[in-house]
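Visitor: Sequence and predicted structure are below.
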Protein chains: 2
Amino acid sequence: MDFLRVNIADGVVSVSPTPDKYLKFGGRALTSRIIADEIPAICDPLGPENKLIIATGLLTGTTAPCSGRISIGAKSPLTGGIKESNVGGVAGANLARAGIRAIIIEGAPSDSFALKTIVIAPGGARLEDASHLKGLGTYETAEKLRALHGDKAAVLCVGPAGEQRLAAASIQSSDMAGRPSRAAGRGGLGSVLGSKGVKAVVILPFPAASPDYSDAGEFKKISKEFAKQLISAKAGLTKYGTAAMVTAANKMGGLPTRNYSSGSFERAADVSGEKLYDTIVERGGTPSAPCHPGCVIRCSNIYVSKDGEYVTSSLEYETMVLVGPNLDIGDLDALARFDFLLDDLGLDTIDTGVALGIAMENGMLPWGDAEAAFRLLEEVRAGSPAGKLIGSGAAAVGKALGARRVPAVKGQATVAYDPRTFKGMGCSYATSPMGADHTSGPAIPGRIGLDPAKSFELTEAEGQHELSRDLQIMITVVDSMGYCFFVGPDAANMERTAKLLNALYGWSLSEDDVVDIGVSTLNIEKKFNRDAGISADADRLPDFFRTEPLPPFGRVFDVPEELLKDMDFNL
Amino acid sequence: MDFLRVNIADGVVSVSPTPDKYLKFGGRALTSRIIADEIPAICDPLGPENKLIIATGLLTGTTAPCSGRISIGAKSPLTGGIKESNVGGVAGANLARAGIRAIIIEGAPSDSFALKTIVIAPGGARLEDASHLKGLGTYETAEKLRALHGDKAAVLCVGPAGEQRLAAASIQSSDMAGRPSRAAGRGGLGSVLGSKGVKAVVILPFPAASPDYSDAGEFKKISKEFAKQLISAKAGLTKYGTAAMVTAANKMGGLPTRNYSSGSFERAADVSGEKLYDTIVERGGTPSAPCHPGCVIRCSNIYVSKDGEYVTSSLEYETMVLVGPNLDIGDLDALARFDFLLDDLGLDTIDTGVALGIAMENGMLPWGDAEAAFRLLEEVRAGSPAGKLIGSGAAAVGKALGARRVPAVKGQATVAYDPRTFKGMGCSYATSPMGADHTSGPAIPGRIGLDPAKSFELTEAEGQHELSRDLQIMITVVDSMGYCFFVGPDAANMERTAKLLNALYGWSLSEDDVVDIGVSTLNIEKKFNRDAGISADADRLPDFFRTEPLPPFGRVFDVPEELLKDMDFNL
């Protein structure tokens, strides 16, 4: 597998074999190592010293189930620390076929630099002029690029938000229908791509070639069992998508409602997974779809209007809650419009949803007024001051409005699990090197840590910091393989992964070796953050989660701060 | 001298003698100690745990020259660290007469809390309803409060910016004519007062009483010599005000022009101290005025229109440059309008001037367009998103606009001395616990450190970090006495101050003891910042000061980073 290095300052595009020291790393383990090795921690995230790194996982391109995802990493303009954002779509498969382990986009454009596209084709990689895409939404961008490069081309692109270098800008990835509906949303990585003057990365289809398995039979056998296990374990996810969580979180009293002022929403049934499924089926949409080739869970969906017209893909739990109950909005059609609009602008639905909640609580727009929110978001396209502000994420909006209740950690918004109910998730928000992020330590119901004998009640403080630590370690492994998040941070998967890697590469890794990929990566990330000036004091939730009891059950976040500060990821 | 404690949560106002441990401290030395002792470093600056502290200096209320100023301190919403902002006006004299060393405003208002004024009167201190002042500019606020409480009342108040808890909000202080023209501008302390639901602090005149001097004759003798020395040394300042610096800084190539892209401004002569003096004299304004009783330097002024009508007071160097050359504006009348408008809104002229420069460089409004800037600033009054943004200071505007060149340190804007020319000032910007601030380590031409034998060229890197350290120590002493900044961080003043304190209080302090007030205070401040999560990595200037040579002389800031990181203030 190769490294593709694109220097924006001089326009040089070069390919070289993956350096030996990186051979055993992919995905997040690789992006975080390259960041630590090549990016000065104290650099300006939008300046010439930052780099954007796109990496396939160690299993991407194989027949291992749900392994087609990629990691995108950089120093984050939102958190000021290290960042990995994981995304599906077809880019992973195309990159694997192209034999590329990592793309490193570096340098800064000169003043006369015109917007560019990086095109990776069988004939070689090159920079192409993208002036004709300036200011376009991601949907039109993807459409025009597929018209140029064919329907099989994978597109990673930014919208107006990324071009404007807004701190909550996403990088959108084209799905199996060619639409840019998948988002590397967190951490404002779209603004880093925008700061490089790059509108899109297009990966053309290369001739299909099977990886050179060390033991193809063994690999196939484990993959097959693994797929079977996933299909059976994730049946609810397949049917209802991630929205299956709405009803459960609401019952538990942990569904963020009206800027985290309640844990249950009166109209939760109107935005539930069941309601979503029924609506999509009734209208002739697609209730279950894969986001990348090789996915066996198919938690994605295609939401259509009453007339059966495409509205958005995919309507998922985090987005639905944060632009729904969190804004006092209980209408699936409105939620779907939010999702499309934010994907098209190239904005993180999570950080923007939370930002809108803060804006509503502080009188910038009325509670529950979806139309007012759409008008405000359209200002991002216009580049008005109001657009700049709302596109800068929850922490920036909170600061500008002098808000007292700003649900964010390390500058990044919390997610659709109120930490007063989901206490292990709260530990992950507080301690992850990524800032508040549900995917970096997902302590949701049913999760257990590395020691299956230990089991803790997630609404109680006891043991939650340990659970969070274990899940952070295991999910880092997941993110380093190219696995989808829903493969899950399960101890059993660590062993399976060791076997798959050994069968693919002829290695002889133990389960512990695989776990250590997670531990060592987290340590590298923590050190980068310290060097970037983010101290252990930042490992905490905003005060109001500790002081304001959450209706209806009156819980507060009560995991002792000393258990969270400067978490030790070593086992 | 007493402590006045105002608890906003329960409305209790209490007076108690200054605690023994604080008896030898005033001004900044006191505010920083109370902050360190009472405010959790990691607290939300706009939350219930933060406190706003107003303290007189150890010499305030005496006949020592230029000693009538006060320190205002809190955890800063702008920097996230400790803050002291120093201000003139009549509040210091009135507080000294009232026998108050410090006011501590604490707690958080309940939801039903109506805007309040804290009134300190001979009969006692109390909270009064201020609903009628809601949303008013500081000029109208001060006028209404004087109408209620008499012309001799001192007013400290916030404008719309502070009420809205904007991060660049100032606290304005009424001058000798009763106008709120003096600003505790830096660090967003107005938003802390706003977060307490307090519109103003009104200090009524108490019967005049001479301090109880231990040796009145000796005190008088030293004061008199001191005043004489100041009057003779500061003649230029008396005539031209701080604007005297425009011509010098321009010649040296260190006058911030068009968002720090040049060190010299083509139309510097149009905004010089000489031009300002001539204009004011010609129009019948006041070219030289004291900002507080007991001032012998009188660097303030009253700027009037062509018709002789009051426009603003005082037009000073930092403001003039940052809303003038820094915005490509070379018209004194426009500069005066900026000054009035920002004082009336209650916004720091420095942070807002730099924010406007960033906004102009990044296309939010045209270069040099004062009218467009006035319209934008008026939106602060309206509370629009654009107003919220511009009122949040330079760092926030830089972030929202994805700006590459953001002249700020620890979240606070740099000042009207380009650090590539004024390298000692650059060291102070980088290392002061206050964030970028010219008053916290003013290495301007002519300054020397604690060792008079050592003299360094301020445009060269050598020795500048040591000069900055010495000046930071000595100016902290100045800020702790109630002295005006222009008394100056001179070694000779340390000895004078020891003698004055001994003659007043009957102490037996040495010059070294006085210097140690500065050292110990800086150490307390540094520790608070570390506990607040501001690491030593934040002790640096933005990269562009190191990488972009400054026209016309092509200098860069080249003091080695290792000399600045985690500066040791111990001698």
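Guide: Nice, I can see it.
Visitor: Near chain B, which residues of the stretch 401-550 of chain A? Just list them.
Guide: A:401-404, A:530-538, A:540, A:542-543 (Cβ under 8 Å from any Cβ of the partner chain). Any C-beta I mention is one placed from the backbone N, CA and C, and that applies to glycine too.
Visitor: just these now: which is nearest B:Ala208?
Guide: For these, the residue nearest B:Ala208 by Cβ to Cβ is A:Gly402; the value is 39.7 Å.
Visitor: Just the pLDDT at the nearest residue to that closest one once chain neighbours are set aside, thanks.
Guide: Nearest residue to A:Gly402, sequence neighbours excluded (Cβ to Cβ, 6 or more residues apart in numbering or on different chains): B:Arg165, at 2.4 Å. Looking at B:Arg165, its pLDDT is 95.
Visitor: where does B:Arg165 fall, helix, sheet strand or coil?
Guide: B:Arg165 carries the three-state label coil when classified by DSSP: H, G, I helix; E, B strand; the rest coil.
Visitor: how about it, what does it touch?
Guide: A:401-402, B:46, B:77, B:191, B:194-195 (Cβ atoms under 8 Å, 6 or more residues apart in numbering or on different chains).
Visitor: for A:Tyr277, same thing?
Guide: Per Cβ under 8 Å, 6+ apart, neighbours of A:Tyr277: A:239-241, A:243, A:287.
Visitor: and if we set it to 7 Å?
Guide: A:239-240, A:287 (Cβ atoms under 7 Å, 6 or more residues apart in numbering or on different chains).
Visitor: With A:Leu204 instead?
Guide: A:120-122, A:149, A:153.
Visitor: again, 6 Å this time
Guide: A:121, A:149, A:153 (Cβ atoms under 6 Å, 6 or more residues apart in numbering or on different chains).
Visitor: ok, and the closest non-adjacent residue to it?
Guide: A:Ala121 (4.5 Å).
Visitor: And that neighbour, how far from A:Val87?
Guide: 21 Å (Cβ to Cβ, to the nearest Å).
Visitor: the more surrounded of these two?
Guide: A:Val87 (23 against 15; other Cβ atoms under 10 Å in any protein chain shown).
Visitor: Run through the bridge partners of that one.
Guide: For A:Val87, the beta-bridge partners are A:Ile70 (DSSP bridges).
Visitor: Check it and give its pLDDT.
Guide: 97.
Visitor: ok, it - contacts?
Guide: A:173, A:182, A:184.
Visitor: so the second one makes contact with A:Val90?
Guide: No - with contacts defined as Cβ atoms under 6 Å, A:Arg182 does not count as touching A:Val90, sitting 9.0 Å away.
Visitor: Tell me the first helix or strand C-terminal of the lengthiest helix in chain A.
Guide: As assigned by DSSP state H, the longest helix anywhere in chain A is helix A:511-531. Next helix or strand after helix A:511-531 toward the C-terminus (DSSP states H and E): helix A:544-547.
Visitor: Make a markdown table out of the contacts of A:Val87 and add distance to chain B and secondary structure.
Guide: Formatted as a markdown table, these follow (distance: Cβ to the nearest Cβ, whole Å; DSSP: H, G, I helix; E, B strand; the rest coil):
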| residue | distance to chain B | secondary structure |
| --- | --- | --- |
| A:Ser173 | 22 | strand |
| A:Arg182 | 23 | strand |
| A:Ala184 | 18 | strand |
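Visitor: okay, the helix or strand of chain A with the lowest mean pLDDT in PDB with CA atoms only?
Guide: Of all helical and strand segments in chain A, the minimum by mean pLDDT, DSSP states H and E falls on helix A:235-240, at a mean of 92. Extracted in PDB, the C-alpha atoms of helix A:235-240 (Å, rounded to 0.1, in the frame of the first residue of the first chain):
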ATOM      1  CA  ALA A 235     -31.200  -7.000  13.500                       C
ATOM      2  CA  GLY A 236     -32.800  -4.000  15.300                       C
ATOM      3  CA  LEU A 237     -30.300  -1.700  13.800                       C
ATOM      4  CA  THR A 238     -30.900  -3.200  10.400                       C
ATOM      5  CA  LYS A 239     -34.600  -2.600  10.600                       C
ATOM      6  CA  TYR A 240     -34.900   0.700  12.400                       C
END
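Visitor: Where does the stretch 151-300 of chain A get nearest to chain B, which residue?
Guide: As assessed by Cβ to the nearest Cβ, chain B sits closest to A:Arg165 within the stretch 151-300 of chain A, at 2.4 Å.
Visitor: Could you point out which of the residues of the stretch 401-550 of chain A next to chain B is nearest to chain B?
Guide: Of those, the one sitting nearest to chain B (Cβ to the nearest Cβ) turns out to be A:Gly402, at 2.4 Å.
Visitor: what does the stretch 51-200 of chain A have sitting close to chain B?
Guide: A:164-165, A:167, A:191 (Cβ under 6 Å from any Cβ of the partner chain).
Visitor: Relative to B:Asp470, which of these is nearest.
Guide: A:Ala167 (38.8 Å).
Visitor: burial count for that closest one?
Guide: 29.
Visitor: Show the backbone phi and psi for A:Ile104.
Guide: phi -120, psi 110 (degrees, to the nearest 10).
Visitor: Pull the number of nearby residues for it.
Guide: 20.
Visitor: Is it in contact with A:Ile53, as I believe?
Guide: Yes - using Cβ under 6 Å, A:Ile104 is in contact with A:Ile53, at 5.4 Å.
Visitor: just to revisit the earlier point, buried ones in the least confident helix or strand of chain A, by neighbour count?
Guide: A:237-238, A:240 (16 or more other Cβ atoms under 10 Å in any protein chain shown).
Visitor: again, but for stretch A:118-129
Guide: A:118-120, A:125, A:127.
Visitor: next one: stretch A:314-328
Guide: A:314-328.
Visitor: State the distance from A:Pro45 to A:Val119.
Guide: 26 Å.
Visitor: Let me fix that, I meant to ask about A:Arg179.
Guide: Applying Cβ to Cβ to A:Arg179 and A:Val119 gives a distance of 19 Å.
Visitor: what residue ranges in the stretch 451-571 of chain A are flagged as low confidence?
Guide: The stretch 451-571 of chain A contains no residues with pLDDT under 70.
Visitor: from what I can see, A:Ser16 looks like it's in a strand, true?
Guide: Yes - assessed with three-state DSSP, A:Ser16 lies in a strand.
Visitor: Who is it paired with across the strands?
Guide: A:Phe3.
Visitor: doesn't A:Met1 make contact with it?
Guide: No - counting by Cβ under 6 Å, A:Ser16 stays clear of A:Met1, with 10.9 Å between them.
Visitor: Neighbour count: those two, which is higher?
Guide: Shown here are A:Ser16 and A:Met1; by other Cβ under 10 Å, A:Met1 has more neighbours (20 against 9).
Visitor: Now name the helix or strand holding the nearest residue to that one once chain neighbours are set aside.
Guide: Nearest in space to A:Met1, with sequence neighbours left out and distances taken as Cβ to Cβ, 6+ apart, is A:Arg101 at 3.7 Å. Taking DSSP H and E as the criterion, A:Arg101 maps to strand A:100-106.
Visitor: What helices and strands are in contact with the next helix or strand after that strand?
Guide: Sequence order places strand A:116-121 as the next helix or strand after strand A:100-106, per DSSP H and E. The elements that strand A:116-121 packs onto, with contact taken as 3 or more Cβ pairs under 6 Å, 6 or more residues apart in numbering or on different chains; DSSP states H and E, are strand A:124-129, strand A:198-203.
Visitor: Could you export these as CSV, including mean pLDDT and distance to A:Ala29?
Guide: CSV is the format used below for these (pLDDT from 0 to 100; distance: least, Cβ to Cβ, whole Å):
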stretch, mean pLDDT, distance to A:Ala29
strand A:124-129, 95, 24
strand A:198-203, 98, 21
